[in-house]
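*Asks:* A predicted structure for the sequence below; I have some questions about it.
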Protein chains: 2
Amino acid sequence: MARVGQPYLENIPLEEALRRYLEALEQRGALQPGEPERIPVNRARGRVTARPVFAAVSSPHYHAAAMDGVAVQAAATFGASETTPLRLRLGSEAVVVDTGDPLPQGFNAVIMIEDLHFPEEDTVEIIAPAVPWQHVRVVGEDFIETEMVLPAHQRITPYDIGGLLTAGVTEVVVFPKVRVALLPTGTEIVPPGTPLKPGDVIESNSRVLGGLVEEWGGEPVIAPVTVDDYELLKQRILEYLDRADLLAVIAGSSHGREDYTVPLFRELGEVFVHGVAIRPGKPVSLGVIRGKPVIGVPGYPVSAALAFELFARPVVYRKHGLPLPPEQYRKAVVSRKIVSPLGAEEFIRVRLGKVRDRLLVQPLPRGAGAVTSLVQADGILRVPRLSEGYPAGAEVEVRILRPEGIPRTTVVVGSHDMVLDIMANLMQEKHPGFRLISSHVGSMGGLTAVGRGEAHMAGIHLLDESTGEYNTPYVRRILGGKKAYLVNLSYRIQGILVQRGNPHGITKLADLTRPGLKFINRQRGSGTRLLLDYLLRQEGISPLEIEGYGREEYTHMAVAVAVASGSADAGLGIQAAASALNLDFIPVGEERYDLCIPADLWEEKEVTLVLDLLKDPDFRRLAERMRGYDFRDCGKIVGETE
Amino acid sequence: MARVGQPYLENIPLEEALRRYLEALEQRGALQPGEPERIPVNRARGRVTARPVFAAVSSPHYHAAAMDGVAVQAAATFGASETTPLRLRLGSEAVVVDTGDPLPQGFNAVIMIEDLHFPEEDTVEIIAPAVPWQHVRVVGEDFIETEMVLPAHQRITPYDIGGLLTAGVTEVVVFPKVRVALLPTGTEIVPPGTPLKPGDVIESNSRVLGGLVEEWGGEPVIAPVTVDDYELLKQRILEYLDRADLLAVIAGSSHGREDYTVPLFRELGEVFVHGVAIRPGKPVSLGVIRGKPVIGVPGYPVSAALAFELFARPVVYRKHGLPLPPEQYRKAVVSRKIVSPLGAEEFIRVRLGKVRDRLLVQPLPRGAGAVTSLVQADGILRVPRLSEGYPAGAEVEVRILRPEGIPRTTVVVGSHDMVLDIMANLMQEKHPGFRLISSHVGSMGGLTAVGRGEAHMAGIHLLDESTGEYNTPYVRRILGGKKAYLVNLSYRIQGILVQRGNPHGITKLADLTRPGLKFINRQRGSGTRLLLDYLLRQEGISPLEIEGYGREEYTHMAVAVAVASGSADAGLGIQAAASALNLDFIPVGEERYDLCIPADLWEEKEVTLVLDLLKDPDFRRLAERMRGYDFRDCGKIVGETE
């Protein structure tokens, strides 16, 4: 039976939690780098110097010719001029040198080959005197033996390796890589590749956190999954503490009946913080065992990543002897109101796309389990603890997560269609530096977004019930006087999705009214919903007769999943969704799916690349593999509004 | 005998050279990524997807409880309220679930533990009805089987690994890492660790370029050094072409008598570009052999790094199927005029430091052999081909080379002293995120820089000949009415540096006038020069009597090196420089070395950290190890001006 296993979590503000943790670790010497080690310079890239490094030889370590030509004694060249050229005997008075050659003993200047004549085999003629030390790289010109080449606490770059080798240094004393033990826990956790049964959760957190540790320059030590067993977990913690400098227990950090992390941390060491006012990631715990920092991170993937970055990253950098690198921020605009509860600092993962020179924030789903938000995020928007969010139009600072830069982005908003996935993939493949992102808010939502300047195009399939015409009347109404084009993407067959084998024997829309039959609907404003309502009215069926008419999903695939999983018996959607999940499909009509593009964006690269793509044979080949589509007008302008 | 071995280099503008090269490679299919390979997701961090990846399972793949509590049928809870609580039988009407548990068959909502009472062992009491699907993560809420998780041509992040594993994907098809063969050449090149004789050059370029390749995600394949032999080099090129996707020959790319790179490229394949209007790095050559890109990079380290970054980096990114990441720029101010020749695009490595909110550019030595400029550079300032440079005060864009950020910097300008190295090292060690950089332009140059607002402090030792007083009179004169403090760093013993064993038997300044004895002087304006001139006048010696009085060096160590290498017999300098190079030292006097700090910077962190450091026992311990110093007043204010 469920019970509260431990005192409830605290709710400590983030800065306070971090300060408390780092101070406690500092006092216990738990932030000190480990015992320095000596390694070959050739393997030192990315490592951190533990001591300053001094040059063992000067550079150059001999007086070197800086040009091809002849070495001379400057004093012996005085008086040479164009009118009174001077001849020097090769071998004794002048010596041929190439760039980099040592200056022969007794010589102190070089004359360039371009300024020389060789009238006889063993004679050179010069027409200008040499200044002492001209075209000579003198000993130590670059750096001098005993000079400091690198200070301590410096991350070694490829250039530094060049400096060290040139300074005659072949070994360097560095801090050890910080080893971070990652202990995934939970009886429900199964290794990747295991056939899944309901309740199983694929272990992925340790790989995500391990990858982050590597990016910070550390070394992950990943333990096998530990089931929820107090004694087993205790044993694991002790075993892996021996093998690492920092230890994180993944999941079990809250206060539920099988959350052993905090009791174990308390039994084996100390806990300084349990529960931080962040969202997601609240049930994080921070402590120390046997002089080593330990962290309990929540098990949901987004919470785990966030808590680990907030609390493990500063520790790893400190233990490497390095400052925390500054975060990169960009100004962006919140196009729609973002609401966030008071009392917790919220970290919202967002995508960023620029439309008409405004960089716009697109919040991703906020669930702690939304792995896609980790994958898709370009940045993180922080909402402070004492803020309730941002109004539409607010300018915010977004922390950038892609150090390699955010590609130029075609922003598509509107009704979901799987052809958009094909386009997104081809865009990235064919046009490096560009991408297409689509967010799915239904056809009406897409048109509204285009009207507000938040998207380059809307994907729409909107039937006008009075005229039977597709899309144009809606564009005219919603975009007002704004000129726009409608470019056809496809015609799609819509129909009723039912379980494989059609167990309820559904053949037409009227069957949806059968008692006990559970329908799953699309949201208001979606093209599919309009089509359904139109067809119902034509056939004189009242929505009230359909059980589940009020249960709304936002995508074709979500409807298909509801049917496939048995949580619904039927839904209206496109054939492609049925095919993807191996459902049966009863066609009820064809609809036109267009891209609505404002005329003033027509020449933008983000738009022209998409238009080109629609005519690309590779696109056609991939698109035509999908069932339930007709591409007869694909890429054609099928409507225009003023 | 030296001769021009090949037609002279071209001088193609950079953009034209790059365009010509990439177009030629494109036409020959030499930019295509290699054959994709299938690897485990766990090892895929940093690799690039060759194909889009689709989800093999939905996430969640079952309807999951999103809270600890009981699963119920929503319909069975209608009517429950605080006044009319409803009792459900545990096991049949309600089932205890923890977060993440699968929803039992037939149930469609979860009621949180916080809202439950357990009046009897097998009964639960609720006080509010459940809405269908409340606190349930439905199948596919995050993503749905068959949906695209990652597009093609995407560098895989740690987060992506989480997404892939959660999507039931355990293997992923990626482009192969681009293998880059690096062939160091030159008869004078010796491996690191070899005892050096004059003319030897330590091989370091291949390690620098190899490190860059790794940072771009590729794999370096480093060949042993090839001596300058046409047939041997040919063999090596063919051998390593087989093992790599891109090949770079290091050195031998110019038109000298032993520059075989271009003739070999022509014999084995094609050359598109030889000679680019860049500085340094002009004699670069770009070609293709057997369908693989080849590059001849110049042998000087700065040229090699620059040419390789300009031409190899775009090829490596293209062959990885990725766009070139955008470069990062920062605005900064050129405090002193920078002159650059017309006709070549110059790349000047610079350090950056902020003084009074102005980010200032400090150009580093521009020699193609200046390895220190590679090590120390924070950024690169480009001077366009048709520009002659920048006037003092110009605002420029500097390309940033330190992705981890530029630390807060104490800028010290003035006379060189080795104690500054100790301070620089300790600063970085004790204060992560801060550093101290010093540039050596002599005491007068330092004061002028402080006067112009280009430095936080100047290191000076300036003797006033009329009063015999140190520093204060000069500060008053040069800083005008500006208030400043003089903080003592040390007293230093100055003396005559002579070769070990004092072969010329020098005992006093007057000995410097001996015929045939070669002196090496410090530059005008330096404190050491002032001291010398003061002492000479006191003893009635004319500078004209000293041979080499006119030959100037800019640092104590450069003077010491000149003496140690025999290019001079004597010089004036500090004892520490003599000790470092094992020279003999004849003391002639003590001088006061102070730091001059403008009063308005006194409270700045960049200054207070230095003042604290001067009193730090670790600093004292290290400093007092150096011979020829006295720290009796170190850290004390010894002067003040208005």
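*Replies:* That came through, no problem. Because the structure is predicted, anything quoted here is derived from the model rather than measured.
*Asks:* spell out which parts of the stretch 451-600 of chain A neighbour chain B.
*Replies:* The stretch 451-600 of chain A comes close to chain B at residues A:R551, A:M557, A:A558, A:A560, A:V561, A:A562, A:A564, A:S565, A:S567, A:A580, A:L581, as judged by C-beta under 8 Å from any C-beta of the partner chain. Heads up, the C-betas are built off the backbone N, CA and C, glycines and all.
*Asks:* most neighbours among the residues you listed, which one?
*Replies:* For those, the largest neighbour count, defined by other C-beta atoms under 10 Å in any protein chain shown, is 30 neighbours, found at A:A560.
*Asks:* gap between A:Q328 and chain B?
*Replies:* Relative to chain B, A:Q328 is positioned 9 Å away (C-beta to the nearest C-beta, to the nearest Å).
*Asks:* now do the contacts for the residue of the stretch 51-200 of chain A found nearest chain B.
*Replies:* In the stretch 51-200 of chain A, no residue comes nearer to chain B than A:P158, which is 2.6 Å away by C-beta to the nearest C-beta. By C-beta atoms under 8 Å, 6 or more residues apart in numbering or on different chains, the contact list for A:P158 reads A:R45, B:R207, B:V208, B:L209, B:G210, B:G211, B:L212, B:E214, B:E215.
*Asks:* let me have the residues of the stretch 451-600 of chain A next to chain B in a markdown table, extended by pLDDT.
*Replies:* Listed next are those as a markdown table, based on pLDDT from 0 to 100:
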| residue | pLDDT |
| --- | --- |
| A:R551 | 88 |
| A:M557 | 79 |
| A:A558 | 83 |
| A:A560 | 90 |
| A:V561 | 84 |
| A:A562 | 88 |
| A:A564 | 87 |
| A:S565 | 81 |
| A:S567 | 84 |
| A:A580 | 78 |
| A:L581 | 81 |
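*Asks:* now those as TSV including secondary structure?
*Replies:* Shown next, in TSV, are those (DSSP: H, G, I helix; E, B strand; the rest coil):
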residue	secondary structure
A:R551	coil
A:M557	helix
A:A558	helix
A:A560	helix
A:V561	helix
A:A562	helix
A:A564	helix
A:S565	coil
A:S567	coil
A:A580	helix
A:L581	coil
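*Asks:* which segments of chain A make up each domain?
*Replies:* A:14-33+A:177-319, A:37-59+A:141-174, A:64-137, A:329-404, A:444-641 (automatic domain parsing).
*Asks:* average model confidence for the lengthiest helix in chain A?
*Replies:* When chain A is parsed with DSSP state H, its longest helix is helix A:301-319. Here helix A:301-319 scores 98 as its mean pLDDT.
*Asks:* the stretch 201-350 of chain A against chain B: which residues are in contact?
*Replies:* Counting by C-beta under 8 Å from any C-beta, the stretch 201-350 of chain A comes close to chain B at A:201-205, A:207-212, A:214-215, A:256-258, A:299, A:301, A:305, A:317-318, A:321-326.
*Asks:* which among these count as buried?
*Replies:* Buried members of these, scored by 16 or more other C-beta atoms under 10 Å in any protein chain shown, are A:201-205, A:207-212, A:214, A:256, A:258, A:299, A:301, A:305, A:317-318, A:321-323, A:325.
*Asks:* give me the subset of these lying in strands.
*Replies:* Taking DSSP state E as the definition of strands, these contribute A:V201, A:I202.
*Asks:* count the neighbours of the nearest residue to A:V110 once chain neighbours are set aside for me.
*Replies:* Once flanking residues are discounted, A:V110 sits nearest to A:H135: 3.8 Å by C-beta to C-beta, 6 or more residues apart in numbering or on different chains. A:H135 has 20 neighbouring residues, counting by other C-beta under 10 Å.
*Asks:* show me what contacts A:H135?
*Replies:* A:H135 makes contact with A:A65, A:A66, A:M67, A:G69, A:A109, A:V110, A:I111, A:M112, according to C-beta under 8 Å, 6+ apart.
*Asks:* what's the closest of the residues you listed to A:V375?
*Replies:* A:V375 has its nearest neighbour among the contacts of A:H135 in A:A66, at 53.7 Å by C-beta to C-beta.
*Asks:* thinking again about what came up before, which two among the contacts of A:P158 are spaced furthest apart?
*Replies:* The widest separation within the contacts of A:P158 (C-beta to C-beta) is 12.8 Å, between B:R207 and B:E215.
*Asks:* related to what we said a few turns ago, just name the closest of the contacts of A:P158 to A:K337, please.
*Replies:* Checking the contacts of A:P158 against A:K337 by C-beta to C-beta gives B:E215 as the nearest, at 41.6 Å.
*Asks:* for that closest one, which non-adjacent residue is spatially closest?
*Replies:* Looking at B:E215 with C-beta to C-beta, 6+ apart, the closest residue is A:P158, at 6.7 Å.
*Asks:* in helices, which of the residues of the stretch 201-350 of chain A next to chain B appear?
*Replies:* Counting by DSSP H, those place A:205, A:207-212, A:214-215, A:301, A:305, A:317-318 in helices.
*Asks:* which two from those residues end up farthest apart in space?
*Replies:* Farthest apart among those - using C-beta to C-beta - are A:P301 and A:R318, which lie 25.8 Å from each other.
*Asks:* look up phi and psi at A:G540.
*Replies:* A:G540 adopts backbone torsions of phi 70, psi 30, taken as degrees, to the nearest 10.
*Asks:* same question for A:T513.
*Replies:* When read as degrees, to the nearest 10, the backbone of A:T513 gives phi -90, psi 0.
*Asks:* next one: A:L489
*Replies:* Torsion angles at A:L489 (phi, psi; degrees, to the nearest 10) stand at phi -100, psi -50.
*Asks:* wait, it sits on A:L614?
*Replies:* Yes: counting by C-beta atoms under 8 Å, A:L489 touches A:L614, with 7.3 Å between them.
*Asks:* okay, and the common contacts of those two?
*Replies:* Counting by C-beta under 8 Å, 6+ apart, the contacts common to A:L489 and A:L614 are A:C634.
*Asks:* for A:D142, which non-adjacent residue is closest in space?
*Replies:* Of all residues not flanking A:D142 in the chain, A:S59 sits nearest, at 4.2 Å (C-beta to C-beta, 6+ apart).
*Asks:* what's around the one you found, how many residues?
*Replies:* A count of nearby residues for A:S59, using other C-beta under 10 Å, gives 27.
*Asks:* let me see the contact set for A:V208.
*Replies:* With contact set as C-beta under 8 Å, 6+ apart, A:V208 has these partners: A:P301, A:A304, A:A305, A:L374, B:P158, B:Y159, B:I161, B:G162.
*Asks:* hmm, try it at 7 Å
*Replies:* A:P301, A:A305, B:P158, B:Y159, B:I161, B:G162 (C-beta atoms under 7 Å, 6 or more residues apart in numbering or on different chains).
*Asks:* which parts of stretch A:511-524 are buried?
*Replies:* With burial defined by 16+ other C-beta under 10 Å, the residues of stretch A:511-524 counted as buried are A:D511, A:L512, A:T513, A:R514, A:L517, A:K518, A:F519, A:I520, A:N521, A:R522, A:Q523.
*Asks:* next one: stretch A:563-582
*Replies:* A:563-565, A:567-581.
*Asks:* re the thing from before, who's in contact with the residue nearest to A:D142?
*Replies:* Contacts for A:S59 were tallied using C-beta under 7 Å, 6+ apart; they are A:D142, A:F143, A:T166, A:A167, B:V371.
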